[in-house]
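**Student:** Build me a model:
(chains A and B)
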Amino acid sequence: MIDVRQLKKSFGSLQVLKGIDVHIREGEVVVVIGPSGSGKSTFLRCLNLLEDFDEGEIIIDGINLKAKGTNLNKVREEVGMVFQRFNLFPHMTVLNNITLAPMKVRQWPREKAEAKAMELLAKVGLQDKAHAYPDSLSGGQAQRVAIARALAMEPKIMLFDEPTSALDPEMVGEVLSVMKQLANEGMTMVVVTHEMGFAREVGDRVLFMDGGYIVEEGKPKELFDRPQHERTKAFLSKVL
Amino acid sequence: MDFRFDIIVEYAPYFFQGLLATIGVSLVGIIFGLILGLFIGLGKMAHHPLVRLPFTWYINFFRGTPLVVQILLVHFGAMPLLLAEPNAIVSLAVSLSLNSAAYVAEIFRAGIQSIDKGQMEAARSLGMTHAQAMRYIILPQALKRMIPPFANEFIVLIKDSSLGMVIAAPEMMYWGKAAAGEYYRVWEPYLTVAFVYLVLTLSLSKLSHYLERKYSTQ
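**Tutor:** Residues are numbered from 1 along each chain as shown, chains lettered A, B, ... in the order given. Prediction:
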């Protein structure tokens, strides 16, 4: 589903990704952990080319992102993204936030887009907020709307960039439970997070990144209980 | 001191003509300033520095030199090259358009760049093109923030149209000066002209407040 080979990326003279190789299968939930500055968010943002990369290649669902003739917008239609700061559109109601892309990008008629939006709002438990504006939502509600907005495009892959880092602690659970449900339905997911409980419970595989490399990867149980690498041990001893 | 209303009455038809000319050149300046300014603002946001350069210098020139000088250059320099018989009103409208475009460009640029970049990223991540993201996400939010600076700019533009006097464009100030010249009176003509400008600028300012309220209720 996602194939990343020798991915390298620099910001000016600072190389933040120094050669990432990873293969993600359909339906797999991959959780990326690591200290800040390890390049994990940059890696995630490269997967839909919100961040351009310098070397290597990324192949998503058979499409090479950097190949000539690749329509990036078409790729992005299949790759949903949820951001740390929600990034809801503040000038639109919750419903319009969700229906905009299906209508403008997928060319769905309004009725179909709204039906889909209401179905998704029900799924994240926010039908009653359809006509509210994002300003009136709590952080947890906003993030659930953001997830619904991404799902409305019916993507094959979902990327989560620290989706609970900007939330008050009591709202983390409601967002994680929506993500967990999504994982159980078989969605292919790449999740950058500091929620080790979520990584352990929901992740099929955990990648530990540090200094621009994937230092260690494995099933959550192995990686958390028997980390091999010194840097993994040091990191886990601080966060667990 | 006696106040000679008869001068105002006598000049009323001319003041009215001047008012129409002032409103006309101001409207032209606002409309073409907006169109040209949007274009220049977008140009100034181009990625490539060489593409940006001419737009940057357009803004530098028209913001950095006096409008009077620009009016004289347009009327006595540029227009004779383009028209057989330069017309002062046309020259004034062109000068105001070119000048306000520079300010409008900066208002556009600042307005667009003031929108959090997460908005563009969210839109692009949903598969929207850059143009779609601009149209549905960035511009609606940015335009709201641009209302007060635009009102400011266009109030200045209305007042600055009085500089058309230096090329004898028959706008309102021109007739004020004519009346003052004929009767050697200062208060009557200039206060009348000042009052009419005040009515125009206050109306614009009211309109701006109305728009601001209308678009901030969400």
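**Student:** pLDDT weak spots in chain B?
**Tutor:** Scanning chain B for pLDDT under 70 picks out B:1, B:217-218.
**Student:** Would you state the strands of chain A in chain order?
**Tutor:** Along chain A, counting by DSSP state E, strands occupy A:2-11, A:14-24, A:29-33, A:55-60, A:63-64, A:79-82, A:157-161, A:188-192, A:205-210, A:213-218.
**Student:** Name the surrounding residues that touch the fifth one.
**Tutor:** For strand A:63-64, the external contacting residues (C-beta atoms under 8 Å, 6 or more residues apart in numbering or on different chains) are A:57-58, A:70, A:74-75. All C-beta atoms are positioned from the backbone trio N, CA, C, and that covers glycine.
**Student:** do the same with stretch B:112-127
**Tutor:** So stretch B:112-127 is contacted by A:48, A:50, A:73-74, A:76-77, A:79-81, A:83, A:85, A:87-89, A:100-101, A:105-106, A:146, A:149-150, A:153, B:41, B:45, B:130, B:132-133, B:136-139, B:141-142, B:145 (C-beta under 8 Å, 6+ apart).
**Student:** what's the closest of the contacts of strand A:63-64 to chain B?
**Tutor:** Among the contacts of strand A:63-64, residue A:74 lies closest to chain B (C-beta to the nearest C-beta), at 7.3 Å.
**Student:** Show the pLDDT at the closest one.
**Tutor:** On the pLDDT scale, residue A:74 is placed at 93.
**Student:** Helices of chain A, start to end?
**Tutor:** Assigned by DSSP state H, the helices in chain A fall at A:40-46, A:72-77, A:94-104, A:110-123, A:139-151, A:169-184, A:196-202, A:220-225, A:230-239.
**Student:** hmm, back to that, just the buried members of the contacts of stretch B:112-127?
**Tutor:** Neighbour-count burial (16 or more other C-beta atoms under 10 Å in any protein chain shown) applied to the contacts of stretch B:112-127 gives A:48, A:50, A:76-77, A:79-81, A:83, A:85, A:87-89, A:100-101, A:105-106, A:146, A:149-150, A:153, B:41, B:132-133, B:136-139, B:141-142, B:145.
**Student:** what residues are up against residue B:167?
**Tutor:** Counting by C-beta under 8 Å, 6+ apart, residue B:167 makes contact with B:71-72, B:75-76, B:88, B:91-92.
**Student:** Now do residue B:183 against residue A:181, distance only.
**Tutor:** Separation of residue B:183 from residue A:181 (C-beta to C-beta, to the nearest Å) stands at 85 Å.
**Student:** With residue A:101 instead?
**Tutor:** Here the criterion is C-beta to C-beta. By it, residue A:101 lies 22 Å from residue A:181.
**Student:** same question, residue A:103
**Tutor:** From residue A:103 to residue A:181 the distance is 26 Å (C-beta to C-beta).
**Student:** between these two, which one's more packed in?
**Tutor:** The residue with more neighbours, out of residue A:103 and residue A:181, is residue A:103; 18 against 13, by other C-beta atoms under 10 Å in any protein chain shown.
**Student:** What's the local residue count around the residue lying closest to that one once chain neighbours are set aside?
**Tutor:** What sits nearest to residue A:103 in space, not counting adjacent residues and going by C-beta to C-beta, 6 or more residues apart in numbering or on different chains, is residue A:113, at 4.9 Å. Applying other C-beta under 10 Å, we find 22 residues neighbouring residue A:113.
**Student:** correct me, but residue A:113 touches residue A:97?
**Tutor:** No - under the criterion of C-beta atoms under 8 Å, residue A:113 makes no contact with residue A:97, lying 11.4 Å away.
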